[in-house]
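**Student:** Pasting the sequence and the predicted coordinates here, then a few questions.
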Amino acid sequence: MCKVTGVVINRQVLTVETKGFLHISPAEERDVIAVKEIADRHRVDFGFIPRVAFYEAVDKGWLLVAKVDGVVVGFVRFRHRRDKTTTLYEIAVANHIKRQGIGRALIYRLIEHARQHNQLDIKLKCPVNLPANHFYSALGFELVRVEKGKRRELNVWRLQL
Ligand SMILES: CC(C)(COP(=O)(O)OP(=O)(O)OC[C@H]1O[C@@H](n2cnc3c(N)ncnc32)[C@H](O)[C@@H]1OP(=O)(O)O)[C@@H](O)C(=O)NCCC(=O)NCCS
């Protein structure tokens, strides 16, 4: 690992706790295998996501990846809806590197991306029992309501942009 500590967002370098060089960028096709691997390891959190969903997201520019020293360690998949809401579908960070600010950096980059597309808010649904709910709360998302999902209850979170 190199010594530089930072995350590049629009050419600005923000400090994070990781020891490598963190870069957040739109995913390319070659990143999909690594993204899918991380997604599969979090299947209990957000279910099965077919590979094609990630390729489609790459095409649309709706998949951001976090890389440390060039290796994919996290991703966020989303959609900018025409009604000006951005839907966050999944976010995940590799287990060995959790709680080092990478999820936060992905959300910051998503916020920036959504603002550039004139979106008004970011919304997502998260099963009520997941620790990720603390993450959304820590990042300033507001709990809108609790919904009955197909298999479990879901918190609906919203971040106004
Ligand atoms: C949710 C997730 C993406 C967060 O990524 P991360 O890189 O570990 O999170 P960060 O280090 O950026 O955390 C930022 C803040 O969120 C909060 N937070 C993150 N994970 C948390 C946890 N498990 N429990 C409590 N608070 C948590 C903390 O306040 C943290 O700041 P701190 O470490 O300074 O206390 C990651 O834990 C993950 O991949 N989870 C499994 C997949 C998942 O559940 N996705 C969401 C489905 S709805």
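**Tutor:** Good, I have the coordinates. Worth saying up front: this structure is predicted, and the values here are computed from it rather than measured.
**Student:** What ranges does this protein have for its helices?
**Tutor:** 32-41, 43-46, 51-60, 102-116, 132-138 (DSSP state H).
**Student:** Any idea which of those helices has the lowest pLDDT on average?
**Tutor:** Mean pLDDT values for those show the minimum at helix 43-46, a mean of 92.
**Student:** Could you list every helix and strand that that one packs against?
**Tutor:** Under the contact criterion of 3 or more CB pairs under 8 Å, 6 or more residues apart in numbering; DSSP states H and E, helix 43-46 touches strand 85-93. To be clear about C-beta, it is placed using only N, CA and C from the backbone, and glycine gets the same treatment.
**Student:** and the residue of the chain found nearest the ligand, what does it touch?
**Tutor:** Using CB to the nearest ligand atom, the single residue of the chain nearest to the ligand is residue 103, 2.3 Å away. By CB atoms under 8 Å, 6 or more residues apart in numbering, the contact list for residue 103 reads 74, 91, 93, 135.
**Student:** Save these as TSV, and put in neighbour count and distance to the ligand too.
**Tutor:** Shown next, in TSV, are the contacts of residue 103 (neighbours: other CB atoms under 10 Å; distance: CB to the nearest ligand atom, whole Å):
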residue	neighbour count	distance to the ligand
74	24	7
91	25	5
93	23	4
135	19	4
